[in-house]
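1. Sequence first, predicted coordinates after that:
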Amino acid sequence: MFSRILRPRTVQNASELFRAFSSTAQNQARVAVLGASGGIGQPLALLLKNNRNVSELALYDILNTPGVAADLSHCSTRARVAAYNGPDQLADCLKGCEVVVIPAGVPRKPGMTRDDLFNTNASIVRDLAQACAQNCPKAIICIIANPVNSTVPIASEVYKKVGVYDPKRIFGVTTLDIVRANTFIAEAKGLDVEQVNCPVIGGHAGATIIPIISQCSPPVSFPQEEREKLTVRIQNAGTEVVEAKAGTGSATLSMAFAGARFANSVLEALNGVEGVVECAYVKSDETEASYFSTPILLGKTGLEKNLGLGKLVEYEANLVKAAMGELKGSIQKGEDFIHKN
């Protein structure tokens with residue numbers, strides 16, 4: 001397993017995350033949150049306001065950003081907060097940013113799949129990616145907006161059109177799948193969740209979410225029927241939250257936590273911390289799908305090394321094969337959206 005070989009430094013849990021936030025940073029970065037007034041954006045901005053690696057938090061949304069920024073600015077942490085409201089202020093928001101996190105978009109409602117969000121969120125990500133490509137082309141882009149399986153290819157195609165594409169700097173944030181897998185495995189086995197780390201590969205929707213329990217640390221095993229049920233729960237955990245909220249929203253708090261963890265890992269790597277590993281959905285040659293989530297080693301320029309799938313058991317290998325059709329279709333859908341628009 002990759003973590004035993006590289007001994008990666010990866011933030012896995014709440015206490016470790018907040019210890020990282022309270023540590024002394026070597027270099028501080030200007031970080032933008034695009035969609036900062038939304039259900040994910042507000043708690044994500046709060047977590048990033050507490051991060052010592054952040055010098056300035058640039059908050060952007062089409063509405064209500066000044067109020068969110070004013071509220072957040074009263075928190076007694078070092079990061080400064082600046083508000084940018086509406087499309088005419090987007091360029092100023094992005095200038096000088098080293099990391100951009102994009103939770104913008106409409107949330108899922110009961111009965112909706114992530115693909116149902118495509119038409120609305122595809123346009124949002126296209127326009128935000130265009131602005132990033134023009135105003136902070138070297139920034140690390142962390143895309144949360146669903147459907148991630150399509151929005152990452154959308155952003156990539158936009159960057160290609162602008163002529164600044166670097167696949168090492170564009171990430172689909174799938175960290176919530178890992179957070180959920182760690183939580184559910186710890187609950188099932190009575191383990192300390194802060195010690196559990198299970199990689200999740202593939203994509204970020206339904207059957208494309210593939211937990212690699214055979215590579216979990218510490219090692220765990222389940223009877224096949226129980227393993228299948230656990231896999232399905234991890235794959236459908238987003239729907240579990242949507243239904244529990246009964247029309248009032250989707251996963252916002254857990255996604256903000258996962259997004260803050262990934263952003264912190266990126267910031268740590270930019271600061272020169274070695275061995276920072278996260279799973280993320282990136283341009284990839286690891287499978288027949290042109291984008292695929294695997295454990296990656298982060299560095300000062302983004303993706304330093306793709307650590308690949310590792311050794312899979314037969315059940316996991318079959319899940320990868322089963323996911324290919326949906327994954328490739330979602331990628332093509334995203335690319336076609338840009339080529340036709």
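-> It's in.

2. Please count neighbours and contacts with C-alpha atoms only from this point.
-> OK.

3. Show me the contact partners of stretch 307-327.
-> 1-2, 149, 201-203, 207-208, 210-212, 214, 286, 288-289, 294-297 (C-alpha atoms under 8 Å, 6 or more residues apart in numbering).

4. Identify those among these that sit within strands.
-> Residues of those located in strands (DSSP state E): Ile201, Gly202, Ile210, Pro211, Thr294, Pro295, Ile296, Leu297.

5. Reformat those into TSV and put distance to Leu57 next to each item.
-> Shown next, in TSV, are the ones in strands among the contacts of stretch 307-327 (distance: C-alpha to C-alpha, whole Å):
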residue	distance to Leu57
Ile201	30
Gly202	31
Ile210	33
Pro211	33
Thr294	29
Pro295	28
Ile296	26
Leu297	25
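
6. Please check the contacts of stretch 307-327 and keep the buried ones.
-> 2, 149, 201-203, 207-208, 210-212, 214, 289, 294-297 (16 or more other C-alpha atoms under 10 Å).

7. Skipping adjacent residues, who's closest to Ile178 in space?
-> With sequence-adjacent residues excluded and distances taken as C-alpha to C-alpha, 6 or more residues apart in numbering, Ile178 is closest to Val200, at 5.7 Å.

8. residues in contact with that neighbour?
-> Val200 neighbours (C-alpha under 8 Å, 6+ apart): Asp177, Ile178, Ala181, Ile209, Ile210, Pro211, Ile212, Cys279, Ser293, Thr294.

9. Just give me the closest of those residues to Gly247.
-> Gly247 has its nearest neighbour among the contacts of Val200 in Asp177, at 21.8 Å by C-alpha to C-alpha.

10. and the closest one, how many neighbours does it have?
-> 28 (other C-alpha atoms under 10 Å).

11. can you check Thr120 too?
-> Close neighbours of Thr120, defined as other C-alpha under 10 Å, add up to 12.

12. hey, where'd the helices end up in the stretch 51-200 of the chain?
-> For the stretch 51-200 of the chain, applying DSSP state H, counting those that start in this stretch gives helices covering 65-73, 90-94, 118-135, 148-162, 175-189.

13. Show the average pLDDT along stretch 52-66.
-> Mean pLDDT, stretch 52-66: 97.

14. ok, residues contacting it?
-> Outside stretch 52-66, the residues touching it (C-alpha under 8 Å, 6+ apart) are 20-37, 45, 48-49, 69, 78-87, 90, 93-94, 104, 264, 267-268.

15. Please repeat the previous calculation with a cut-off of 7 Å.
-> 21-25, 27-37, 49, 69, 78-87, 90, 93, 267 (C-alpha atoms under 7 Å, 6 or more residues apart in numbering).

16. ok, of the residues you listed, which come out buried?
-> 21, 25, 28-37, 49, 69, 79-85, 90, 93, 267.

17. what's the closest non-adjacent residue to Gly206?
-> Using C-alpha to C-alpha, 6+ apart, the nearest residue to Gly206 is Gln235, at 5.0 Å.

18. In this structure the one you found contacts Ile209, no?
-> Yes: assessed by C-alpha atoms under 7 Å, Gln235 is found in contact with Ile209 at 5.5 Å.

19. Looking only at neighbour counts, state which of these two leads.
-> Neighbour tally, Gln235 and Ile209, criterion other C-alpha under 10 Å: the higher count belongs to Ile209, 25 against 22.

20. residue contacts, that one?
-> Neighbouring residues of Ile209 by C-alpha under 7 Å, 6+ apart: Val200, Ile201, Gly202, Gly203, Gln235.
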